[in-house]
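In: Structure of the sequence below:
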Amino acid sequence: QVQFVESGGGLVQPGGSLRLSCAASGFTLSYYGIGWFRQAPGKEREGVSCINKSDGSTYYADSVKGRFTISRDNAKSTVYLQMNSLKPEDTAVYYCATAICLRTTAVPLGSWGQGTQVTVSS
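Out: Just a heads-up that it's a prediction; the model follows:
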C-alpha cells in the first residue's frame with residue numbers, strides 16, 4: 001500500500017525557510033518520480049516541484065524557481081523540499097505524491113498523504 005507522510009511545515013515569517021520531508025512507504029521510491037503539490041484555501045491544488053526517478057532532473061513552478069529546491073534520498077525513501085525566502089503567497093497545505101515530471105508541469109498519479117501546513121505570516 002502506497003503511503004506518504006509529509007512533515008516539516010509550520011508558521012514562519014516572510015523571508016524565512018522551512019524544509020519539508022516526504023516519507024514514502026509501501027513501494028520502491030527509486031522507481032517513481034515524486035512531486036510536491038500545494039493547495040491554498042479556495043484554490044485548486046497546484047504542482048510546485050517534481051524530481052524524476054531516473055536522472056534526477058527537476059521541475060519547478062515559476063512562482064518558486066530560485067527559492068525552492070527538491071531532492072531525494074532513495075535509501076531513506078524520503079523526498080525533501082527546501083523552501084527559502086518564503087512569501088505569504090506560499091501559505092498552503094503541501095502534499096507529496098508519485099508524479100510524472102515534465103518540463104512545464106508535474107502530473108500527480110495519486111495516493112496523497114495528509115499534507116503539512118505551511119503558513120507564512122508576520
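In: which of the residues in the helix or strand of the chain with the lowest mean pLDDT are buried?
Out: Using mean pLDDT, DSSP states H and E, the weakest-scoring helix or strand in the chain turns out to be strand 106-110, at a mean of 90. For strand 106-110, the neighbour count (16 or more other CB atoms under 10 Å) marks A106, P108 as buried. All C-beta atoms are positioned from the backbone trio N, CA, C, and that covers glycine.
In: Contacts for that strand next, please.
Out: The set of residues external to strand 106-110 that reach it, using CB atoms under 8 Å, 6 or more residues apart in numbering, is 32-33, 35-37, 45, 47-50, 59, 97-100.
In: centroid residue for this protein?
Out: W36 (2.4 Å; CA atoms, centre = their mean).
In: tell me the secondary structure for that residue?
Out: strand (DSSP: H, G, I helix; E, B strand; the rest coil).
In: go on, G16?
Out: With three-state DSSP as the criterion, G16 reads coil.
In: quick one, what contacts it?
Out: Taking CB under 8 Å, 6+ apart as the test, what G16 contacts is L86, V120.
In: how about a cut-off of 10 Å?
Out: If you count contacts by CB atoms under 10 Å, 6 or more residues apart in numbering, G16 has them with G10, M83, N84, S85, L86, V120, S122.
In: Any chance of TSV for the residues you listed, columns distance to S63?
Out: Output for the contacts of G16, formatted as TSV (distance: CB to CB, whole Å):
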residue	distance to S63
G10	20
M83	12
N84	14
S85	12
L86	12
V120	13
S122	20
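In: need the longest strand for this structure.
Out: strand 92-101 (DSSP state E).
In: Could you tell me the model confidence score at the residue lying closest to Q39 once chain neighbours are set aside?
Out: Spatial nearest neighbour of Q39, excluding adjacent residues (CB to CB, 6 or more residues apart in numbering): R45 at 4.2 Å. Reading off the confidence values, R45 has pLDDT 95.
In: Next one: R45 from D73, what distance?
Out: Relative to D73, R45 is positioned 25 Å away (CB to CB, to the nearest Å).
In: for G9, same thing?
Out: 19 Å.
In: And those two? Which one has more around it.
Out: Shown here are G9 and D73; by other CB atoms under 10 Å, G9 has more neighbours (19 against 11).
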